[in-house]
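Trainee: no FASTA, just this:
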Ligand SMILES: Cc1cc2nc3c(=O)[nH]c(=O)nc-3n(C[C@H](O)[C@H](O)[C@H](O)COP(=O)(O)O)c2cc1C
């Protein structure tokens, strides 16, 4: 009996530790996408979290009609892509409107761009994030710079010319001339799981 009493706290601690490992999180994935890659990335993140037993709610920040309270969630993932040096305005507005709640909870920014693909433009990808953090007054716990995709067929003439004018112009003739998905899904999966477990 005495032995059982001595061992019980150890067993209990073990159960508590195991429970910690499988704690179910309510996760908000608020995203903005222009050509669809960040939508795909958000769904991928959500699928992986759901497979791990977590509850996921997707919110396209352009859907202004949806009443949503950020405080209903344990974790927030904010995802958006960069065009002409900036994230979507709707993402900016959503984050700024919810900055106090987001600053008070574990949060992750997923910034999708093409500048992050090339060593000589990676600094630009970092700069987009700094500008976004400053303009929204939000400091996420973690930031992921994720490589997006080139989808020439989806762009208008105007968009094509904008892309060629920007920071990526030096890569436009070689590396960016074909349709290509640069997203590293394996690395993304690993980073998201790490974020959820912290
Ligand atoms: C018109 C246009 C402008 C872009 N400007 C930039 C840019 O300034 N910097 C960058 O890193 N990527 C830029 N990109 C690449 C996008 O960030 C990339 O294609 C991303 O996958 C788009 O994600 P989305 O489909 O979710 O909108 C641009 C793409 C387009 C079509």
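Mentor: Here it is on my side, so go on. Model, not experiment: these values are computed from the prediction.
Trainee: and residue 93, what does it touch?
Mentor: residue 61 (C-beta atoms under 8 Å, 6 or more residues apart in numbering). C-beta coordinates here come from the backbone N, C-alpha and C atoms, glycine included.
Trainee: pLDDT of the helix or strand where it lies, averaged?
Mentor: Element membership for residue 93, per DSSP states H and E: helix 89-97. Averaging pLDDT along helix 89-97 gives 97.
Trainee: distance from stretch 56-70 to the middle of the chain?
Mentor: 15 Å (C-alpha atoms, centre = their mean, to the nearest Å).
Trainee: whether it contacts the ligand - can you check?
Mentor: No - using C-beta under 6 Å from any ligand atom, no contact is recorded between stretch 56-70 and the ligand, whose separation bottoms out at 11.2 Å.
Trainee: now stretch 24-37
Mentor: Yes - judged by C-beta under 6 Å from any ligand atom, stretch 24-37 and the ligand are in contact via 33, 34, 35, 36, 37.
Trainee: for the residue nearest to the first one when sequence neighbours are not counted, helix, strand, or coil?
Mentor: So the one you mean is residue 33. Spatial nearest neighbour of residue 33, chain neighbours left out: residue 39 (4.2 Å); criterion: C-beta to C-beta, 6 or more residues apart in numbering. When classified by DSSP: H, G, I helix; E, B strand; the rest coil, residue 39 comes out as helix.
Trainee: quick one: contacts for residue 39?
Mentor: Applying C-beta under 8 Å, 6+ apart, the residues contacting residue 39 are 31, 33, 60.
Trainee: what's the neighbour count on the residue lying closest to residue 113 once chain neighbours are set aside?
Mentor: If the residues on either side of it in the chain are set aside, residue 113 comes closest to residue 82, at 4.0 Å by C-beta to C-beta, 6+ apart. Using other C-beta atoms under 10 Å, residue 82 has 28 other residues around it.
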